[in-house]
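K.L.:
Give the three-dimensional model of this entry:
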Amino acid sequence: MPTAAKAATIDELRSHLAGATAAVLTEYRGLTVQQMSELRKQLRAASADYRVVKNRLARIAVDGSPLAGLRGHLRGPTGVVIGRKDPAVVARALAAFAKANPALTLRAGVIDGQLMEAQDLRAVADLPSREALRAQLVGAVQGPLGGLVGLLLAPLRELAYVLAERGKGATPTPAPEA
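P.N.:
Numbers count the residues shown, from 1 in each chain. Sure thing, here's the model as predicted:
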C-alpha cells in the first residue's frame, strides 16, 4: 500500500495524463541539468510537459487508462513527456532535441490512444503539421473541382467567343430586292 505522499504523486500523475493527446517515455541518462532545462523549455513551447517519474508509481498511474500499454516500457531512468495539443509538434520537438543531444532516448509513446515504438514516433515527427495536412487536402480537392468547373463552362465560353467574333466581322447582308 503506497504512503500518502506516494498516493498524492500517483493522483497528480493520473490527472496530468488524463487530458493528454500524447505521452512519450524517454530515457534521460547522460543529460546534464542544463540540457534537461533546455528540453523542458522546448517542450513547453510545444504545449507539453516533461516529468521524471518513478516507474513503480507510473505503472500504478497508467493502470486502467488508455496509456496502459506503456507499462512494459517503464524501466530504468524514465521521463514522461505529456502533450496537450498537436502530437506531431511534440514528436518533432523531441526528435529535434534527441538529434542534437543523443543521450536522450525515445522508448515508446501513446498518441491518440495508439501505442507507438520509437521508430513510429520518429515517423510522426516527420509528418507535416495538421494545418499543412489540411491545406494539402483542400488543394487536392480544389484542383480537380476547378478543372471540372472549367470543363463545364468551356462550351458556353466557346459559344460566347464565336458569337462575339461573328458580331465583329459581320457585314450587313443586303435585303433582297423586290
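K.L.:
neighbours around Leu39, how many?
P.N.:
Residues lying near Leu39 (other C-beta atoms under 10 Å) number 23. C-beta: built from backbone N, CA, C; applies to glycine.
K.L.:
mind listing the helices for this structure?
P.N.:
For the chain, applying DSSP state H gives helices covering 4-18, 33-45, 55-62, 87-100, 118-126, 130-169.
K.L.:
looking at the ones you listed, which is closest to Leu74?
P.N.:
The closest of the helices of the chain to Leu74 is helix 55-62. By C-beta to C-beta, the value is 4.2 Å.
K.L.:
So what touches stretch 51-59?
P.N.:
Contacts to stretch 51-59, defined as C-beta atoms under 8 Å, 6 or more residues apart in numbering, come from residues 2, 6, 9-10, 13, 16, 28, 70-71, 74-80, 82.
K.L.:
So what pairs up with Val80 in the strands?
P.N.:
Beta-bridge partners recorded for Val80 (DSSP bridges): Leu25, Arg51.
K.L.:
give me every residue that touches it.
P.N.:
With C-beta under 8 Å, 6+ apart, Val80 has these contacts: 13, 17, 23-26, 50-53, 58.
K.L.:
so how far is stretch 97-116 off the chain centroid?
P.N.:
How far stretch 97-116 lies from its chain's middle: 14 Å, per C-alpha atoms, centre = their mean, to the nearest Å.
K.L.:
in it, what's buried?
P.N.:
Buried residues in stretch 97-116, counting neighbours by 16 or more other C-beta atoms under 10 Å, are found at 97-98, 101, 104-111, 115-116.
K.L.:
ok so, going back, let me have the helices of the chain in CSV, extended by mean pLDDT.
P.N.:
Listed next are the helices of the chain as CSV, based on pLDDT from 0 to 100:
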stretch, mean pLDDT
helix 4-18, 83
helix 33-45, 89
helix 55-62, 85
helix 87-100, 87
helix 118-126, 79
helix 130-169, 80
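K.L.:
Now for Ala46: which residues touch it?
P.N.:
With contacts defined as C-beta under 8 Å, 6+ apart, the neighbours of Ala46 are 83, 85-86, 89-90, 92-93.
K.L.:
count of neighbours near the residue lying closest to it once chain neighbours are set aside?
P.N.:
Closest residue to Ala46 apart from its sequence neighbours, by C-beta to C-beta, 6 or more residues apart in numbering: Ala93 at 4.2 Å. Residues lying near Ala93 (other C-beta under 10 Å) number 21.
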